[in-house]
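J.: Return a 3D structure for these sequence lines:
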Amino acid sequence: MKFNDELALFLKARYPIIYINTIEEERVEYVIRKNVKTNLNRSIYSWDFVDGYTNNPNNEGFAKRNPLQALELVERLNAETPALFLLKDFNRFLTDLSISRKLRNISRILKLQPKTIIILGSDLTIPKELQDLITILQFELPLEKEISQELNRLITSLNIKIDPQLFENLTRACQGLSLERIRRVLSKIIATYKTIDDNSIAVLLSEKKQIISQTEILEYTSVDEKIANLGGLDNLKEWLKKRKTAFGLQAANYGLPTPRGLLLIGIQGTGKSLTAKAIANDWQLPLLKLDVGKLFGGIVGESEARLRQMINVAETISPCILWIDEIDKAFSNTDSKGDSGTSNRVLATFISWLSEKTSPVFVIATANNIELLPIEIIRKGRFDEIFFLDLPKEVEREEIFKIHLKEFRPTSWDTFNYKELAQSSESFSGAEIRQAIIEGMYYAFYEEREFTTEDICNALKELIPLANLESDQMIQLKNWASSGRIRSASSKLVYLN
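T.: Prediction:
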């Protein structure tokens, strides 16, 4: 049910006290006044702690700095006068005994008379003794339609013409911001670039970073990696390509559900983290990294509260990508009784959200050890797909060497023998290939000369790849992938016996 419909229903049903949880005080007041004017014939009395009652000449300035007196006006008005009392930031006074008692006393009057108290506040703090009296109503951030109207208004006033695709991208980037914040950041864009173009997306995403910085659990990750810079992984790239535009308006009109997420499994260094960053850059979505270590708190109930906070922030910022690195370590102790069941409760809440979420939050989880993952996470329906990132095959290693050497030697990268390098780096991951190049560069730099294919090959001989140290885990991962329960990120996968 929409906010306007819910509010109208509560007012007609004579709910005594409504608490509207919002950070957009000005916008919600405008919506309430418009709703009352259209659907109900009620006078509106607006109060705040500094100015008292305003917008009504008979009570101008009444109850300045006196929240108890603000409630007395409810009793003073004629019993037959339909009225709505907007009390701003009044949630801060609810813990006061006199305020709490007064609200309970006048609630009897409110049930019999056409009067309603609406509390506007950004923090949801309601004392236990008032919970039965107060009805909570969420006022959501502006939806796509409102954002489009605001963008159209601005573009028309500036006499600017922009591409329909850019307009859709701008609308999507604005989601998760308040209307006031959207206006402020668009003014900043106009002042900086004198127009609205592709640069505007980056400015809007940086504005979302300000919201994320207010929580210690999530970290806004700046990315410049590209899908093209991922060596191999052709199956995964093709899968991502088909879903790149699935967050747009056309996909919604088509009836296509928003992509839910990915689970990437493989040993360290195979490009799981790099893939998460490249997806965020390619899809032009903010990347939020969950710090799992900070998710679990020492106080009973704190971990669950932090998880709910993380979910709330991610959904507020959406559309976005939520990156959970090494999720196997986060929930590896769910069978342990040493944490009084905290891990199990957090896991249950997280899995429930994964299955039921409707907001466009694309979750990318990475894992190194399949044995540590709870079976509930792997089950279909939590993620759209589970991909196995194997060690790169020979042709993929050639591609990885080219990517890194183009970065280190953009003018002479084509002088290296990539066939020899690929053959000499069997069982090496992408991260280990990069390290071998750097080791080869150290050799040549020490001898004051340019490094060559031979230097890199010598470095490869000295480095021991992780796959050789954890061969049992690699065999287990490959065999698990061959069972058909997981999809290979690369084509033509060869399994071990």
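J.: Please list all residues in contact with Thr116.
T.: Thr116 makes contact with 10-11, 14-18, 83-85, 110, according to CB atoms under 8 Å, 6 or more residues apart in numbering. All C-beta spots, glycine's among them, are computed from the backbone N, C-alpha and C.
J.: low-scoring stretches of the stretch 1-150 of the chain, by residue?
T.: For the stretch 1-150 of the chain, the stretches flagged by pLDDT under 70 are 1.
J.: if we go to 80?
T.: By pLDDT under 80, the weakly predicted segments of the stretch 1-150 of the chain are 1, 38-40, 55-59, 123-125.
J.: which stretches of it form helices?
T.: Counting by DSSP state H, counting those that start in this stretch, the stretch 1-150 of the chain has helices at residues 3-12, 25-39, 67-76, 97-112, 144-158.
J.: what's the angle between the third one and helix 97-112?
T.: Looking back up the chat, that one is helix 67-76. Here helix 67-76 points in a direction 20 degrees away from that of helix 97-112 (axes from the mean of the first three to the mean of the last three CA atoms, to 10 degrees).
J.: what comes into contact with helix 67-76?
T.: Helix 67-76 is contacted from outside by 45, 47, 49, 52-53, 59, 62-63, 83, 85, 87, 90, 93, 96, 98-99, 102-103, 106, 109-110, 115, 117, using CB under 8 Å, 6+ apart.
J.: Among those residues, the buried ones, what's the PyMOL command?
T.: Applying 16 or more other CB atoms under 10 Å to the contacts of helix 67-76 leaves a buried subset, and the PyMOL line that selects it is:
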select buried, resi 45+47+49+52+53+59+62+63+83+85+87+90+93+99+102+103+106+110+115+117
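J.: Sticking with the residue nearest in space to the middle of the chain, tell me its helix or strand.
T.: In the chain, the residue lying closest to the centroid (CA atoms, centre = their mean) is Ala314, at 2.8 Å. Under the criterion of DSSP states H and E, Ala314 resides in helix 302-317.
J.: Determine how far that helix lies from the middle of the whole chain.
T.: 10 Å (CA atoms, centre = their mean, to the nearest Å).
J.: Okay, now stretch 357-377: how far is its last residue from its first?
T.: End-to-end distance for stretch 357-377, by CA to CA, to the nearest Å: 15 Å.
J.: for the record, mean pLDDT for that stretch?
T.: Here stretch 357-377 scores 85 as its mean pLDDT.
J.: Test my guess that the residue nearest to the centre of the chain contacts Ile217.
T.: No: using CB atoms under 8 Å, Ala314 makes no contact with Ile217, being 10.0 Å away.
J.: Mind checking the helices of the stretch 1-150 of the chain for the one nearest to Leu290?
T.: Distance to Leu290, taken as CB to CB, is lowest for helix 144-158 among the helices of the stretch 1-150 of the chain, at 26.1 Å.
J.: same for the closest one, what does it pack against?
T.: helix 164-174, helix 179-193 (3 or more CB pairs under 8 Å, 6 or more residues apart in numbering; DSSP states H and E).
J.: how far off helix 179-193 does that helix point, in degrees?
T.: 40 degrees.
J.: Residues contacting helix 144-158, please?
T.: The contact list for helix 144-158 (CB under 8 Å, 6+ apart) reads 142, 161-162, 167, 170-171, 174-175, 179, 182-183, 186, 190, 195-196, 249.
J.: same thing but 10 Å
T.: By CB atoms under 10 Å, 6 or more residues apart in numbering, the surrounding residues in contact with helix 144-158 are 27, 140-142, 160-162, 167-168, 170-175, 177, 179, 182-183, 186-187, 189-190, 194-196, 249, 252.
J.: in the stretch 351-497 of the chain, what spans have low per-residue confidence?
T.: Looking at the stretch 351-497 of the chain by pLDDT under 80, you get 369-372, 376, 378-381, 467-485, 491-497.
J.: repeat that for 90
T.: Flagging of the stretch 351-497 of the chain using pLDDT under 90 yields the residue ranges 351-352, 354-360, 367-382, 388-393, 427, 429-430, 464-497.
J.: And the strands in it?
T.: 361-367, 385-388, 487-488 (DSSP state E, counting those that start in this stretch).
J.: Pick the most buried one from those.
T.: strand 361-367 (a mean of 25; mean count of other CB atoms under 10 Å).
J.: picking that back up, between Ala314 and Ile217, what contacts are shared?
T.: Joint contacts of Ala314 and Ile217 (CB under 10 Å, 6+ apart) are 288, 290.
J.: What distance do you get for the residue lying closest to Leu177 once chain neighbours are set aside to Pro319?
T.: With sequence-adjacent residues excluded and distances taken as CB to CB, 6 or more residues apart in numbering, Leu177 is closest to Glu207, at 6.5 Å. Separation of Glu207 from Pro319 (CB to CB, to the nearest Å): 15 Å.
J.: same check, this time on Val361
T.: 7 Å.
J.: secondary structure class for Glu219?
T.: strand (DSSP: H, G, I helix; E, B strand; the rest coil).
J.: what residues are up against it?
T.: Applying CB under 10 Å, 6+ apart to Glu219 gives the contacts 209, 212-213, 287-291, 294, 323.
J.: Please convert the buried members of those residues into PyMOL selection syntax.
T.: For the buried members of these, the matching PyMOL selection, counting by 16+ other CB under 10 Å, is:
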select buried, resi 212+287+288+289+290+323
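J.: Out of the strands of the stretch 351-497 of the chain, flag the one nearest Glu225.
T.: strand 361-367 (13.1 Å).
J.: to the chain's geometric centre, what's the distance from that closest one?
T.: With CA atoms, centre = their mean as the basis, strand 361-367 stands 11 Å off its chain's centre.
J.: Sheet partners, orientation included, of it?
T.: The strands beside strand 361-367 in its sheet (DSSP bridges) come out as strand 261-265 (parallel), strand 320-324 (parallel).
J.: and of the ones you listed, who's closest to Lys393?
T.: Nearest to Lys393, of all those, is strand 261-265, at 17.6 Å by CB to CB.
J.: Of all the strands paired with strand 361-367, which one comes closest to Gln476?
T.: Judging those by CB to CB, what sits closest to Gln476 is strand 261-265, at 11.1 Å.
J.: Past the closest one, which element shows up next along the chain?
T.: With DSSP H and E setting the assignment, the helix or strand that follows strand 261-265 is helix 272-283.
J.: So which elements touch that following helix?
T.: strand 218-221, helix 234-241, strand 261-265, strand 287-290, strand 320-324, strand 361-367, helix 430-446 (3 or more CB pairs under 10 Å, 6 or more residues apart in numbering; DSSP states H and E).
J.: JSON lines please, covering the ones you listed and showing distance to Ile201.
T.: What follows is the helices and strands packed on helix 272-283, written out as JSON lines (distance: least, CB to CB, whole Å):
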{"stretch": "strand 218-221", "distance to Ile201": "15"}
{"stretch": "helix 234-241", "distance to Ile201": "19"}
{"stretch": "strand 261-265", "distance to Ile201": "22"}
{"stretch": "strand 287-290", "distance to Ile201": "14"}
{"stretch": "strand 320-324", "distance to Ile201": "13"}
{"stretch": "strand 361-367", "distance to Ile201": "17"}
{"stretch": "helix 430-446", "distance to Ile201": "29"}
